[in-house]
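got a predicted structure here, sequence first:
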Amino acid sequence: MAQLFEDTDSLDGLEERILKAVELISELKEENKSLREQLKESEAEARKAKADLENFQATSSSSEKELELLRAERKQVKNRIEKLLGQMDRLAES
């Protein structure tokens with residue numbers, strides 16, 4: 001009779017451990033699903049950030065070219081004004 005109780009206790013313990021394992025597996029599957037969704041969201045955000053960076057770089061490059069053109073134009077205007085001032089000085093001397 002004692003053997004029967006031990007077997008029942010042993011089966012009860014085994015059943016409890018199996019139920020805990022099943023519960024743990026279910027929790028891990030849910031966590032895995034959640035993590036996969038987070039990964040997809042993070043990948044989408046990374047793609048958007050990369051596209052934003054590429055747009056910024058293109059805009060920045062365009063702005064740098066425009067700045068170079070404006071500086072060249074400014075230098076030309078400065079040279080022309082200096083020439084005009086030089087001519088005015090010569091006129092004033094004569």
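Cool, the structure landed.

which strand or helix spans residue 23?
Using DSSP states H and E, residue 23 sits in helix 2-93.

tell me the mean pLDDT over that helix?
Mean pLDDT, helix 2-93: 92.

for residue 60, grab the count of nearby residues.
Per other CB atoms under 10 Å, the neighbour tally for residue 60 reads 10. Every C-beta, even on glycine, is put in place using the N, C-alpha and C of the backbone.

my bad, should have said residue 47
Neighbourhood size, residue 47 [other CB under 10 Å]: 10.

that one and residue 55: what is the separation?
In this view, residue 47 and residue 55 are 13 Å apart by CB to CB, to the nearest Å.

so what's in contact with the two at the same time?
Taking CB atoms under 8 Å, 6 or more residues apart in numbering as the criterion, residue 47 and residue 55 do not both touch any residue.

from the chain's centre, how far out does stretch 65-75 sit?
Here the centre of stretch 65-75 is set off from its chain's centre by 33 Å, with CA atoms, centre = their mean, to the nearest Å.

and if you look at stretch 12-31?
The chain centre lies 38 Å from the centre of stretch 12-31; the measure is CA atoms, centre = their mean.

residue 61 versus residue 52, what's the distance?
With distances taken as CB to CB, residue 52 is found 15 Å from residue 61.

report all helices and strands that the helix holding residue 23 contacts.
Where contact means 3 or more CB pairs under 8 Å, 6 or more residues apart in numbering; DSSP states H and E, helix 2-93 is not packed against any helix or strand.

list the contacts of stretch 24-34.
With contact meaning CB under 8 Å, 6+ apart, stretch 24-34 is reached by no other residue.

please save the CA atoms from that stretch in CSV.
Extracted C-alpha coordinates of stretch 24-34, given in CSV (Å, rounded to 0.1, in the frame of the first residue of the first chain):
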residue,chain,number,x,y,z
LEU,A,24,6.8,28.1,-19.0
ILE,A,25,6.9,27.1,-22.7
SER,A,26,3.7,29.0,-23.3
GLU,A,27,5.1,32.1,-21.6
LEU,A,28,8.3,31.8,-23.6
LYS,A,29,6.4,31.5,-26.9
GLU,A,30,4.5,34.7,-26.0
GLU,A,31,7.7,36.5,-25.1
ASN,A,32,9.3,35.3,-28.3
LYS,A,33,6.3,36.6,-30.3
SER,A,34,6.5,40.0,-28.6
